[in-house]
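A.B. asks: Please work out how this folds:
(2 chains)
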Amino acid sequence: GQNIDQPTEMTATEGAIVQINCTYQTSGFNGLFWYQQHAGEAPTFLSYNVLDGLEEKGRFSSFLSRSKGYSYLLLKELQMKDSASYLCAVRDANNNDMRFGAGTRLTVKP
Amino acid sequence: KAGVTQTPRYLIKTRGQQVTLSCSPISGHRSVSWYQQTPGQGLQFLFEYFSETQRNKGNFPGRFSGRQFSNSRSEMNVSTLELGDSALYLCASSLLASPNSNEQFFGPGTRLTVL
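C.D. replies: Numbering: from 1, shown residues only, chains lettered A, B, ... in the order given. Purely as a prediction, here's the structure:
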(Lines give C-alpha, C1' and ligand atoms only; values in the text may rest on other atoms or scores of the structure.)
Protein backbone atom coordinates (compact mmCIF):
# COMPACT_ATOMS: atom_id res chain seq x y z
CA GLY A 1 0.00 0.00 0.00
CA GLN A 2 0.92 3.63 0.09
CA ASN A 3 1.12 6.18 2.89
CA ILE A 4 1.46 9.77 1.85
CA ASP A 5 2.06 12.30 4.57
CA GLN A 6 2.11 16.07 4.38
CA PRO A 7 1.48 18.78 6.96
CA THR A 8 -2.14 19.70 7.47
CA GLU A 9 -1.72 23.45 7.57
CA MET A 10 0.95 26.08 6.97
CA THR A 11 0.99 29.85 7.17
CA ALA A 12 3.39 32.18 5.41
CA THR A 13 3.77 35.87 4.62
CA GLU A 14 3.25 37.51 1.26
CA GLY A 15 6.55 37.78 -0.60
CA ALA A 16 8.20 35.02 1.41
CA ILE A 17 9.23 31.48 0.47
CA VAL A 18 7.47 28.38 1.77
CA GLN A 19 8.38 24.70 1.47
CA ILE A 20 5.70 22.04 1.69
CA ASN A 21 7.04 18.58 2.42
CA CYS A 22 5.62 15.24 1.40
CA THR A 23 6.83 11.80 2.44
CA TYR A 24 5.56 8.60 0.94
CA GLN A 25 5.83 4.85 1.19
CA THR A 26 5.05 2.77 -1.83
CA SER A 27 5.69 -0.73 -3.07
CA GLY A 28 6.27 0.61 -6.58
CA PHE A 29 6.95 4.20 -7.60
CA ASN A 30 6.05 5.71 -10.93
CA GLY A 31 5.99 9.44 -10.41
CA LEU A 32 5.06 12.10 -7.88
CA PHE A 33 2.65 14.92 -8.61
CA TRP A 34 1.75 18.20 -6.95
CA TYR A 35 -1.64 19.80 -7.41
CA GLN A 36 -3.09 23.10 -6.21
CA GLN A 37 -6.71 23.26 -5.14
CA HIS A 38 -8.49 26.47 -4.23
CA ALA A 39 -11.50 26.16 -1.97
CA GLY A 40 -14.53 25.03 -3.92
CA GLU A 41 -12.56 24.43 -7.10
CA ALA A 42 -11.02 21.44 -8.86
CA PRO A 43 -7.33 20.60 -8.46
CA THR A 44 -4.93 22.00 -11.03
CA PHE A 45 -1.67 20.35 -12.01
CA LEU A 46 1.53 22.01 -10.76
CA SER A 47 4.41 19.60 -11.26
CA TYR A 48 5.58 16.07 -11.93
CA ASN A 49 8.78 14.37 -10.78
CA VAL A 50 9.88 10.87 -11.66
CA LEU A 51 13.66 11.27 -11.39
CA ASP A 52 15.59 12.62 -8.42
CA GLY A 53 16.25 16.32 -8.40
CA LEU A 54 14.63 19.67 -8.75
CA GLU A 55 12.08 20.70 -11.34
CA GLU A 56 11.55 24.44 -11.63
CA LYS A 57 8.54 26.12 -13.16
CA GLY A 58 8.34 29.84 -12.54
CA ARG A 59 7.74 30.61 -8.87
CA PHE A 60 7.12 26.93 -8.13
CA SER A 61 9.75 24.20 -7.82
CA SER A 62 9.40 20.56 -6.86
CA PHE A 63 12.08 18.26 -5.54
CA LEU A 64 12.20 14.48 -5.36
CA SER A 65 14.40 11.98 -3.57
CA ARG A 66 13.25 8.47 -4.39
CA SER A 67 15.67 6.80 -1.97
CA LYS A 68 14.22 8.84 0.89
CA GLY A 69 10.61 8.71 -0.25
CA TYR A 70 10.55 12.47 0.00
CA SER A 71 9.42 15.42 -2.04
CA TYR A 72 8.86 19.08 -1.44
CA LEU A 73 7.08 21.88 -3.23
CA LEU A 74 8.79 25.26 -2.99
CA LEU A 75 6.77 28.40 -3.56
CA LYS A 76 8.71 31.64 -3.98
CA GLU A 77 7.56 35.26 -3.86
CA LEU A 78 4.31 34.23 -2.27
CA GLN A 79 1.16 36.00 -3.38
CA MET A 80 -2.21 36.14 -1.67
CA LYS A 81 -3.68 34.04 -4.47
CA ASP A 82 -1.36 31.19 -3.48
CA SER A 83 -3.60 30.53 -0.48
CA ALA A 84 -4.93 27.10 -1.33
CA SER A 85 -4.56 23.41 -0.55
CA TYR A 86 -1.56 21.67 -2.05
CA LEU A 87 -1.95 17.98 -2.77
CA CYS A 88 0.91 15.52 -3.11
CA ALA A 89 0.11 12.39 -5.14
CA VAL A 90 2.09 9.27 -5.99
CA ARG A 91 1.48 6.92 -8.88
CA ASP A 92 1.91 3.27 -8.06
CA ALA A 93 4.03 1.40 -10.59
CA ASN A 94 2.22 -1.86 -9.92
CA ASN A 95 -1.27 -0.74 -10.92
CA ASN A 96 -0.88 2.91 -12.00
CA ASP A 97 -3.25 4.03 -9.25
CA MET A 98 -2.90 7.62 -8.17
CA ARG A 99 -2.79 8.01 -4.39
CA PHE A 100 -3.23 11.47 -2.88
CA GLY A 101 -2.13 12.89 0.41
CA ALA A 102 -4.69 14.70 2.54
CA GLY A 103 -3.36 18.05 1.35
CA THR A 104 -1.64 21.00 3.01
CA ARG A 105 -3.77 24.09 3.46
CA LEU A 106 -1.54 27.11 2.94
CA THR A 107 -2.62 30.53 4.16
CA VAL A 108 -0.71 33.53 2.86
CA LYS A 109 -0.99 36.60 5.07
CA PRO A 110 -0.18 40.21 4.17
CA LYS B 1 -10.04 24.54 -26.26
CA ALA B 2 -12.89 23.76 -23.86
CA GLY B 3 -12.00 22.19 -20.54
CA VAL B 4 -13.36 19.10 -18.85
CA THR B 5 -17.08 19.33 -18.24
CA GLN B 6 -19.12 17.41 -15.74
CA THR B 7 -22.87 17.13 -15.37
CA PRO B 8 -24.76 17.62 -13.26
CA ARG B 9 -22.89 19.98 -10.97
CA TYR B 10 -25.08 19.28 -7.96
CA LEU B 11 -27.26 16.31 -7.13
CA ILE B 12 -29.36 15.27 -4.16
CA LYS B 13 -30.43 11.66 -3.79
CA THR B 14 -31.78 9.45 -1.03
CA ARG B 15 -30.34 6.24 0.34
CA GLY B 16 -30.92 3.22 -1.84
CA GLN B 17 -31.23 5.18 -5.07
CA GLN B 18 -28.73 5.05 -7.87
CA VAL B 19 -27.00 7.90 -9.69
CA THR B 20 -25.20 8.42 -12.98
CA LEU B 21 -22.63 11.15 -13.42
CA SER B 22 -21.23 12.29 -16.74
CA CYS B 23 -17.86 13.61 -17.82
CA SER B 24 -16.73 15.02 -21.16
CA PRO B 25 -12.94 15.20 -21.46
CA ILE B 26 -10.94 17.81 -23.28
CA SER B 27 -11.19 17.32 -27.02
CA GLY B 28 -8.57 14.83 -28.14
CA HIS B 29 -8.01 13.37 -24.69
CA ARG B 30 -8.72 9.67 -24.51
CA SER B 31 -8.11 8.93 -20.85
CA VAL B 32 -10.67 9.70 -18.17
CA SER B 33 -10.13 9.09 -14.48
CA TRP B 34 -12.66 9.42 -11.70
CA TYR B 35 -12.00 10.46 -8.10
CA GLN B 36 -14.03 10.85 -4.95
CA GLN B 37 -13.18 13.71 -2.63
CA THR B 38 -14.46 13.94 0.94
CA PRO B 39 -13.25 16.02 3.89
CA GLY B 40 -12.36 12.89 5.85
CA GLN B 41 -10.70 10.74 3.18
CA GLY B 42 -9.35 13.35 0.82
CA LEU B 43 -9.05 12.58 -2.87
CA GLN B 44 -9.37 8.89 -3.69
CA PHE B 45 -8.95 7.22 -7.08
CA LEU B 46 -11.99 5.35 -8.37
CA PHE B 47 -11.04 4.15 -11.86
CA GLU B 48 -9.45 5.09 -15.16
CA TYR B 49 -10.80 4.48 -18.64
CA PHE B 50 -8.92 4.62 -21.91
CA SER B 51 -10.32 3.74 -25.32
CA GLU B 52 -13.52 2.41 -23.75
CA THR B 53 -11.61 0.02 -21.48
CA GLN B 54 -11.17 0.21 -17.74
CA ARG B 55 -7.44 0.23 -17.10
CA ASN B 56 -7.21 0.70 -13.37
CA LYS B 57 -9.57 0.49 -10.44
CA GLY B 58 -9.24 1.85 -6.94
CA ASN B 59 -10.37 0.24 -3.74
CA PHE B 60 -14.10 0.89 -3.94
CA PRO B 61 -17.01 -1.56 -3.72
CA GLY B 62 -18.72 -2.93 -6.79
CA ARG B 63 -21.56 -0.43 -6.34
CA PHE B 64 -19.24 2.01 -8.10
CA SER B 65 -18.95 1.36 -11.81
CA GLY B 66 -18.20 3.27 -14.94
CA ARG B 67 -17.90 3.16 -18.67
CA GLN B 68 -16.46 5.12 -21.53
CA PHE B 69 -17.97 5.72 -24.93
CA SER B 70 -16.31 5.84 -28.32
CA ASN B 71 -16.19 9.65 -28.19
CA SER B 72 -14.23 9.37 -24.88
CA ARG B 73 -17.09 10.69 -22.79
CA SER B 74 -17.41 8.75 -19.57
CA GLU B 75 -20.10 7.99 -17.05
CA MET B 76 -19.88 6.64 -13.56
CA ASN B 77 -22.70 4.98 -11.75
CA VAL B 78 -23.26 4.43 -8.06
CA SER B 79 -26.00 2.00 -7.10
CA THR B 80 -27.73 1.53 -3.76
CA LEU B 81 -26.50 4.86 -2.46
CA GLU B 82 -25.30 5.17 1.12
CA LEU B 83 -24.94 8.28 3.26
CA GLY B 84 -21.17 7.89 3.06
CA ASP B 85 -21.28 8.32 -0.71
CA SER B 86 -21.90 12.03 -0.23
CA ALA B 87 -18.86 13.62 -1.80
CA LEU B 88 -17.44 15.67 -4.62
CA TYR B 89 -16.88 13.41 -7.62
CA LEU B 90 -14.12 14.67 -9.88
CA CYS B 91 -13.30 13.62 -13.36
CA ALA B 92 -9.87 14.20 -14.90
CA SER B 93 -8.81 13.81 -18.49
CA SER B 94 -5.40 13.29 -20.02
CA LEU B 95 -4.08 12.78 -23.49
CA LEU B 96 -2.65 9.35 -22.86
CA ALA B 97 -3.35 6.57 -20.42
CA SER B 98 -1.24 6.22 -17.33
CA PRO B 99 1.67 5.79 -16.89
CA ASN B 100 2.37 7.57 -20.16
CA SER B 101 0.52 10.73 -19.29
CA ASN B 102 1.90 13.07 -16.66
CA GLU B 103 -0.69 15.80 -16.54
CA GLN B 104 -4.35 15.48 -15.73
CA PHE B 105 -6.92 18.19 -16.18
CA PHE B 106 -9.74 18.13 -13.68
CA GLY B 107 -13.35 19.06 -14.25
CA PRO B 108 -15.34 21.17 -11.79
CA GLY B 109 -16.85 18.10 -10.14
CA THR B 110 -20.32 16.89 -9.25
CA ARG B 111 -21.36 17.51 -5.66
CA LEU B 112 -23.49 14.52 -4.60
CA THR B 113 -25.51 14.68 -1.40
CA VAL B 114 -27.19 11.51 -0.14
CA LEU B 115 -29.99 12.03 2.36
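A.B. asks: which parts of chain A sit against chain B?
C.D. replies: A:30-31, A:33, A:41-45, A:48, A:50, A:87, A:89, A:91, A:93, A:95-103 (Cβ under 8 Å from any Cβ of the partner chain). C-betas here are computed from N, CA, C, even on glycine.
A.B. asks: mind listing what's buried in the helix or strand bottoming out on mean pLDDT in chain A?
C.D. replies: When each helix and strand of chain A is scored by mean pLDDT, DSSP states H and E, strand A:98-100 comes last, with a mean of 88. By 16 or more other Cβ atoms under 10 Å in any protein chain shown, the buried positions in strand A:98-100 come out as A:98, A:99, A:100.
A.B. asks: And the helices in chain B?
C.D. replies: For chain B, no helices are identified by DSSP state H.
A.B. asks: returning to that earlier point: would you mind pulling the contact partners of the next helix-or-strand element following the least confident helix or strand of chain A?
C.D. replies: Elements were assigned by DSSP states H and E; along the chain past strand A:98-100, the next helix or strand is strand A:104-109. By Cβ atoms under 8 Å, 6 or more residues apart in numbering or on different chains, the residues outside strand A:104-109 that reach it are A:6-14, A:18, A:20, A:75, A:78-80, A:82-86, A:88.
A.B. asks: Kindly report the same for stretch B:8-16.
C.D. replies: For stretch B:8-16, contacts defined as Cβ under 8 Å, 6+ apart pick out B:19, B:21, B:80-83, B:108-115.
A.B. asks: Give me the buried entries from the residues you listed.
C.D. replies: With neighbours counted by 16+ other Cβ under 10 Å, those contain buried members at B:19, B:21, B:81, B:108, B:109, B:110, B:111, B:112, B:114.
A.B. asks: which stretches of the chain form strands?
C.D. replies: No chain specified, so I'll use chain A. Counting by DSSP state E, one finds strands in chain A at the ranges A:3-5, A:9-13, A:18-25, A:29-37, A:44-49, A:53-57, A:60-65, A:70-75, A:84-92, A:98-100, A:104-109.
A.B. asks: actually chain B
C.D. replies: B:5-7, B:10-13, B:19-24, B:31-38, B:42-50, B:53-57, B:64-68, B:74-78, B:87-94, B:105-106, B:110-114.
A.B. asks: Format those as JSON lines; extra columns: mean pLDDT.
C.D. replies: Compiled in JSON lines, those are given as follows (pLDDT from 0 to 100):
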{"stretch": "strand B:5-7", "mean pLDDT": "96"}
{"stretch": "strand B:10-13", "mean pLDDT": "96"}
{"stretch": "strand B:19-24", "mean pLDDT": "98"}
{"stretch": "strand B:31-38", "mean pLDDT": "94"}
{"stretch": "strand B:42-50", "mean pLDDT": "92"}
{"stretch": "strand B:53-57", "mean pLDDT": "89"}
{"stretch": "strand B:64-68", "mean pLDDT": "96"}
{"stretch": "strand B:74-78", "mean pLDDT": "98"}
{"stretch": "strand B:87-94", "mean pLDDT": "95"}
{"stretch": "strand B:105-106", "mean pLDDT": "92"}
{"stretch": "strand B:110-114", "mean pLDDT": "97"}
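A.B. asks: follow-up on the earlier one: looking at the buried ones among the contacts of stretch B:8-16, point me to the pair that's furthest apart.
C.D. replies: With distances taken as Cβ to Cβ, the most widely separated pair in these is B:81 and B:108, at 21.4 Å.
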